[in-house]
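Trainee: here's my sequence, what's the structure:
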Amino acid sequence: MIKNDIIGLSSFSAIETFQNLHGELQNQREMSTEIGHLRRRLVEFLIQSTTQLELPPIVKYSALSLFFDRFRPNVVRFLQKKKAEHWLLQPLTESNLQLFVLISIWISCKMHCTRGLSVHSLKSFGDIVITEQLFMVRDFLDAELIFLKQVLKFEIGTLNIAYTLLEDLFIQFKEVAKVGDHLNFEACMDMMDLLYEKEETSLLYRYSKSLAASILVSSYIITVPKQQYEFPILPWVKMVTNMEEKEVVELVGYILSHVLYSNSP
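Mentor: Sure, this is the predicted structure:
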């Protein structure tokens, strides 16, 4: 009788433990899904903002690099080490993140545009696109200081981001290959945008040269008519980037599988 009671209690304890573990895993999956959805919304917010502001592509990709490759991971580490002293960082709401996205665009515009955005014009634009929170001019100035000084430590160089390397490769390719006229640079940029949507694919941006070369080859495969495939693009890419053809082929396959999956119903 006692033995049966012990077995019964053990079984109940195991079931309860399993249910608790299942609940924790479910919560983690839901949290991970929400983080993924938030990232995608922020990517779309940045791209749409640069489009509405009619800014050049270099501003968009510099801003993507500043926000997603540097600010976002660094601000997490910053908040883990030090308690936030400013309300823009605690809590770090989606509206606050949208403000910092606009700050990344503003900084990028200062670096790459002959005529930058004024803080008042950026604030007016923010009033339109950020719907859940109204920010004052002072908030934009504070956010810029937090972005540059506290989180990025003024490390804002964007000369070697994937976009600039890709643009250089594209220009070189058009100079040496007749099929360069068929290569669609818009397709290259569309692929770059899609790769920023997910955390795992955005990690490719850590390897700017490899990514730029692989996106060029991917665009060649997608946009150049098959009957025009006479140019030895893989040996040429190897020559100008010192990358192994096998590495490029593997990365191209990964990029195309993601792009095709993202565009599927």
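
Trainee: let me see the ranges of the helices in the stretch 1-150 of the chain.
Mentor: Residue ranges of the helices in the stretch 1-150 of the chain, as given by DSSP state H, counting those that start in this stretch, are 2-52, 57-64, 72-81, 94-112, 119-129, 137-145.

Trainee: least reliable of those going by mean pLDDT?
Mentor: Mean pLDDT is lowest for helix 2-52 out of those, coming in at a mean of 63.

Trainee: mind checking the SS state of Lys153?
Mentor: For Lys153, the assignment made with DSSP: H, G, I helix; E, B strand; the rest coil gives coil.

Trainee: give me every residue that touches Glu44.
Mentor: Under the criterion of CB atoms under 8 Å, 6 or more residues apart in numbering, Glu44 has no contact partners. Bear in mind the C-beta positions are built from the backbone N, C-alpha and C, glycine included.

Trainee: next one: it from Leu148, what distance?
Mentor: Counting by CB to CB, to the nearest Å, the gap from Glu44 to Leu148 is 24 Å.

Trainee: how far does stretch 250-260 sit from the chain's center?
Mentor: 16 Å (CA atoms, centre = their mean, to the nearest Å).

Trainee: contacts for that stretch?
Mentor: With contact meaning CB under 8 Å, 6+ apart, stretch 250-260 is reached by 190-191, 194-195, 198, 201, 204, 210-211, 214-215, 217-218, 221-222.

Trainee: now a PyMOL select for only the buried ones of those residues.
Mentor: Of the contacts of stretch 250-260, the buried ones go into a single PyMOL selection, burial set by 16 or more other CB atoms under 10 Å:
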select buried, resi 190+191+194+195+201+204+210+211+214+215+217+218+222
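
Trainee: lowest pLDDT pick from the contacts of stretch 250-260?
Mentor: On pLDDT alone, Lys198 ranks lowest of the contacts of stretch 250-260, at 84.

Trainee: center of the chain, which residue is that?
Mentor: By CA atoms, centre = their mean, the chain has its centre lying nearest to Tyr196, at 3.2 Å.

Trainee: how far away is that residue from Val119?
Mentor: Taken as CB to CB, the span from Tyr196 to Val119 is 26 Å.

Trainee: do Val240 as well
Mentor: Applying CB to CB to Val240 and Val119 gives a distance of 42 Å.

Trainee: got it, and Asn242?
Mentor: 44 Å.

Trainee: which of the two has more neighbours?
Mentor: Shown here are Asn242 and Val119; by other CB atoms under 10 Å, Val119 has more neighbours (14 against 9).

Trainee: specify the local secondary structure of Pro235.
Mentor: When classified by three-state DSSP, Pro235 comes out as helix.

Trainee: residues near the residue nearest to it when sequence neighbours are not counted, how many?
Mentor: With CB to CB, 6 or more residues apart in numbering as the criterion, Pro235 has its nearest non-adjacent residue at 7.2 Å, and that residue is Glu245. Neighbours of Glu245 under the rule other CB under 10 Å: 13.

Trainee: quick check: the gap between Glu245 and Glu200.
Mentor: Using CB to CB, Glu245 is found at 24 Å from Glu200.

Trainee: try Leu42
Mentor: 16 Å.

Trainee: comparing the two, which residue is more hemmed in?
Mentor: Taking other CB under 10 Å, Leu42 and Glu200 do not tie; Leu42 has more neighbours (21 against 9).

Trainee: contact partners for the more buried one?
Mentor: Phe67, Phe68, Glu94, Leu97, Gln98, Val101.

Trainee: go again using 6 Å as the cut-off
Mentor: Going by CB atoms under 6 Å, 6 or more residues apart in numbering, Leu42 touches Leu97.

Trainee: Gln98 versus that one, what's the distance?
Mentor: Counting by CB to CB, the separation of Leu42 from Gln98 is 7 Å.
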